[in-house]
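Colleague: What follows is a predicted structure for the sequence shown.
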Amino acid sequence: MIQPIDVAGVLSRLGLAEVNSGAWVSGPLPVSGPVVASNNPGTGAPLASVQLAGLAEYEQVVAAAQAAFLRWRVLPAPKRGEIIRELGDALREHKADLGALVSLEVGKILSEGLGEVQESIDMADLAVGFSRQLYGLSMHSERAQHRMFEQWHPLGLVGVITAFNFPNAVWAWNALVALACGDAVIWKPSIKAPLTAIATHQICAAVLDRHGFGGVLGLIIGADAEVGEALIHDKRVPLISATGSTRMGRHVGQVVAGRLGRSLLELGGNNAIIVDNTADLDLALRGILFGAVGTAGQRCTTTRRLFLHADIADGFTQRLVHAYRHVRIGDPLDSSTLMGPLIDEGAVQDYERAVSAAVAQGGTLLVGGKRLDRAGHYVEPTIIAAPHDLPICQHETFAPILYVSTYTELTEAIAWQNDVPQGLSSSIFTDSFRKVERFLGPEGSDCGIANVNIGTSGAEIGGAFGGEKETGGGREAGSDSWKAYMRRQTCTLNGSSALPLAQGVRFDL
Ligand code: NAD
C-alpha cells in the first residue's frame, strides 16, 4: 500500500525551500555557486535544489566554528550532554518527516528511513551517557609521592564527510559524540543527499542556538574539488572523519596524514556470510535476504559474498533464488516494498558492468541481472554462482549483487572470506559452538564486525563500528570510540620535596 506522504508538506515542515543555501551556521549564509537539484531516485524527479557553497562561505563556517569551540569546550561535559538530550528530543519530534525525507532522497524503504533517524536518536542518548563517562585512567608512579593520571580534552574542529547512503545517521555517529567531547563540527555531506543534511542541520543547530552555542555545528555543501579539498587540507581542523568509498578514503587519508592531522576512515566493505551444514537454514535465509537485498545493496555492510557448505549448497541456493524472485521492488514509500531504487543512473551502470564482468570472468547468473524498465533507478536483486577467486569478487559494487561459492572445510571458507582487500563485516550461521570459536578466534574472521547467526548488516550503535584493511580502520559510535574525538593528556604530579628522575637517571649539579 502506498503511504499517503505529502512530499511538499514534508519538505516545508523540515524548513526546505525550492532552492536552499549550501552553507549554514545558525541559519543559511548567502551563496553564489551553481544550483544543483536533488532528485528522487524512485522517480527521477527533482525534490528541491541546493545552491553550492564555495571557499568564501567555507571560511565563514570555519570562523564561526572556531569562535564557538572556545566557549563550547569549557562548558562542563555533563552540561553539554543536557543540550544533546534536547537535540535527541528535537530529532524525535521530526522523526516521521526526516525518515520520509531519507526515503525520498536516497530511495530506502520507509521503515529503513525511519530506522536511520532512530539510529541518530539512539546516538544522542548514547552521547548524553558519554558526557558523564569521558574517563581517564590513573597509574601508579615509579617515584615516591608522585601521582600519574591521564585526562581527555576537547580536540577542536572535527570535519565530518558523509556518504550518500546514510545521509542522517553517519553524521550523528560522529557529530553527537564529538559534541559530547566538546568539539565543534563542520559537516560536508554527499552532494547526492544534501536535503537530508540541511534538514538535519536546521533541527540540531536550532537547539544549540537556543542555548547560545550557534556555530558549534556548521554545514558546507559544495564541490569536492573546492570545499572538500579545503576541508581536508585545513590545519585548523585536527580531525577529519570521512565515510565513503575506499577511493575517496585513500585520498583523504593521505592528504590529512600529509599535514599530520588525524583521520577516522569508514570506507567500503565486501562482506561475506558463511553458512555451515549445521546452520538453521530458515534463519540463514532471512539473514542473507536482508543483508544482500535490503537497502538495495547500498549499505557498507551489505552481504556481497556467500559461502555455502557443500552439504546444503544446492537446496539452499534454490530456496534463495526462489526468495529473490519474490522480492517486491518498487516505490520505497509503499509499505509492501522490500527493495527500492539505486541512487542514480551511474549506480545502475556500475551494477550492469559488474554483472557483465562476473559472467565474462566465469560466473553463472542464477537470478536477476537486469535494470527495470520504468522511471527511477531500479534493478533486479541478483545472485551469481562464482568461484571465490573471481576478480570481480574482490571489489565492492554498491548494488544488490550476491556472489555464491561452495566450500567443504570451514578453514577454507574463512580463508576465502578474508581474501579480499576490505575487512568490514562478516557472519557465520552455525549451531556448532566449535565452529563459532574458530570463526571468532585469532585465526577466524579478520573483519571489524564478526556475527553469529545474524547477517552482516544492521549494526547496533552500542558497539564500536568500523573495519580493517581497506575499510580504513576507523571506529565510530559505541564502546570507547569517543576517544578519537578528544586529545589525551598524561599528567605527572610531584607531591614530594625531592625531584627524582624517571628510570633512575641522575642529573645532579
Ligand atoms: P563517495 O566516496 O563517492 O563519497 C563519500 C563522501 O566523500 C561524499 O561526501 C563526497 O562528496 C566526499 N568526497 C569525495 N571526494 C572528496 C574530496 N576530494 N575531498 C573531500 N570529500 C570528498 O561514497 P558514496 O558513494 O557517497 O558512498 C558509498 C560508499 O561509502 C561505499 O563504498 C560504502 O561502502 C561506503 N560507506 C562506508 C561506511 C562505513 O561505515 N564503513 C558507511 C557508509 C558508506
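Modeller: It's in.
Colleague: ok, Lys370 - how many residues close by?
Modeller: 13 (other CB atoms under 10 Å). The way it works is simple: take the backbone N, C-alpha and C, and place the C-beta from them, glycine included.
Colleague: Same check on the one 4 residues further on?
Modeller: Counted by other CB under 10 Å, the residues lying close to Arg374 total 13.
Colleague: From Pro46, how far out is it?
Modeller: 18 Å (CB to CB, to the nearest Å).
Colleague: again with Pro332
Modeller: Look at Pro332 and Pro46: by CB to CB, they are 17 Å apart.
Colleague: what sits against the residue in the stretch 1-150 of the chain that the ligand sits nearest to?
Modeller: Closest contact between the stretch 1-150 of the chain and the ligand, by CB to the nearest ligand atom, is at Val106 (9.7 Å). Contact partners of Val106, counting by CB atoms under 8 Å, 6 or more residues apart in numbering, are 41, 164-165, 167, 192-193, 196, 298, 343.
Colleague: Widest-spaced pair of those?
Modeller: Farthest-apart pair in those is Thr196 and Gln298; separation 14.5 Å (CB to CB).
Colleague: quick one, strands of the stretch 151-300 of the chain?
Modeller: 157-161, 184-188, 217-220, 239-243, 262-266, 271-275 (DSSP state E, counting those that start in this stretch).
Colleague: quick one: strands adjacent to the second one?
Modeller: Partner strands and pairing direction for strand 184-188 (DSSP bridges) are strand 157-161 (parallel), strand 217-220 (parallel).
Colleague: for the fifth one, same thing?
Modeller: The sheet places strand 262-266 alongside strand 239-243 (parallel), with pairing taken from DSSP bridges.
Colleague: Return the set of buried residues in the strand it pairs with.
Modeller: By neighbour count on 16 or more other CB atoms under 10 Å, the buried set for strand 239-243 is 239-243.
Colleague: Tell me which of the strands of the stretch 151-300 of the chain sits nearest to Asp311.
Modeller: Nearest of those (CB to CB): strand 271-275, 10.2 Å.
Colleague: Quick check: buried residues in the closest one?
Modeller: 271-275.
Colleague: Kindly report the same for stretch 316-332.
Modeller: 316-317, 320, 323-324, 327, 329-332.
Colleague: Check stretch 82-96 too.
Modeller: For stretch 82-96, using 16+ other CB under 10 Å, the buried residues are 83-88, 90-91, 94-96.
Colleague: Could you export the residues you listed as a markdown table, including distance to the ligand?
Modeller: What follows is the buried residues of stretch 82-96, written out as a markdown table (distance: CB to the nearest ligand atom, whole Å):
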| residue | distance to the ligand |
| --- | --- |
| Ile83 | 26 |
| Ile84 | 22 |
| Arg85 | 25 |
| Glu86 | 27 |
| Leu87 | 22 |
| Gly88 | 21 |
| Ala90 | 24 |
| Leu91 | 19 |
| His94 | 22 |
| Lys95 | 21 |
| Ala96 | 24 |
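Colleague: ok, back up a step: save the strands of the stretch 151-300 of the chain as JSON lines, and put in mean pLDDT and distance to Leu289 too.
Modeller: Listed next are the strands of the stretch 151-300 of the chain as JSON lines, based on pLDDT from 0 to 100; distance: least, CB to CB, whole Å:
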{"stretch": "strand 157-161", "mean pLDDT": "99", "distance to Leu289": "31"}
{"stretch": "strand 184-188", "mean pLDDT": "99", "distance to Leu289": "33"}
{"stretch": "strand 217-220", "mean pLDDT": "98", "distance to Leu289": "36"}
{"stretch": "strand 239-243", "mean pLDDT": "98", "distance to Leu289": "25"}
{"stretch": "strand 262-266", "mean pLDDT": "98", "distance to Leu289": "25"}
{"stretch": "strand 271-275", "mean pLDDT": "98", "distance to Leu289": "11"}
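Colleague: The ligand: which of these is closest?
Modeller: Nearest of the strands of the stretch 151-300 of the chain (CB to the nearest ligand atom): strand 262-266, 3.2 Å.
Colleague: Quickly check: that closest one near the ligand or not.
Modeller: Yes - counting by CB under 6 Å from any ligand atom, the ligand is contacted by strand 262-266 at Glu266.
Colleague: Kindly report the residues of the stretch 151-300 of the chain close to the ligand.
Modeller: 161-166, 170, 188-191, 224, 228-229, 232, 243-245, 248, 251-252, 266-269, 300.
Colleague: how does it look with 5 Å?
Modeller: Proximity of the stretch 151-300 of the chain to the ligand, by CB under 5 Å from any ligand atom, involves residues 161, 163-164, 190, 224, 228, 243-245, 248, 266, 268, 300.
Colleague: quick check, nearest of those residues to Gly113?
Modeller: Checking those against Gly113 with CB to CB, the nearest one is Phe164 at 13.4 Å.
Colleague: Secondary structure of Ile84: a helix, I assume?
Modeller: Yes - counting by DSSP: H, G, I helix; E, B strand; the rest coil, one finds Ile84 located in a helix.
Colleague: Who are the contact partners of it?
Modeller: The neighbourhood of Ile84, defined by CB under 8 Å, 6+ apart, consists of 124, 127-128, 131, 176, 179-180.
Colleague: want to throw the residues you listed into JSON lines with neighbour count and pLDDT?
Modeller: Shown next, in JSON lines, are those (neighbours: other CB atoms under 10 Å; pLDDT from 0 to 100):
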{"residue": "Ala124", "neighbour count": "26", "pLDDT": "98"}
{"residue": "Ala127", "neighbour count": "27", "pLDDT": "98"}
{"residue": "Val128", "neighbour count": "21", "pLDDT": "98"}
{"residue": "Ser131", "neighbour count": "24", "pLDDT": "98"}
{"residue": "Leu176", "neighbour count": "28", "pLDDT": "98"}
{"residue": "Leu179", "neighbour count": "30", "pLDDT": "98"}
{"residue": "Ala180", "neighbour count": "29", "pLDDT": "98"}
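Colleague: Which of these fall within helices?
Modeller: Among the contacts of Ile84, DSSP state H puts 124, 127-128, 176, 179-180 in helices.
Colleague: Could you single out the most deeply buried of the strands paired with strand 184-188?
Modeller: Neighbour counts (mean count of other CB atoms under 10 Å) averaged over each of the strands paired with strand 184-188 peak at strand 217-220, with a mean of 30.
Colleague: gap between that one and the chain center?
Modeller: Offset of strand 217-220 from its chain centre (CA atoms, centre = their mean, to the nearest Å): 18 Å.
Colleague: hmm, who's touching that strand?
Modeller: So strand 217-220 is in contact with 22-25, 53, 57-58, 61-62, 64-65, 175, 179, 184-189, 197-198, 201, 204-205, 208, 227, 231, going by CB under 8 Å, 6+ apart.
Colleague: just stretch 13-25 next, same as before
Modeller: 28-31, 33, 35, 48-53, 57-58, 60-61, 64, 94, 97-98, 101, 194-195, 198-199, 201-203, 205, 214-215, 217-222.
Colleague: Okay, now the unreliable bits of the stretch 401-509 of the chain?
Modeller: Low-confidence segments of the stretch 401-509 of the chain (pLDDT under 70): none present.
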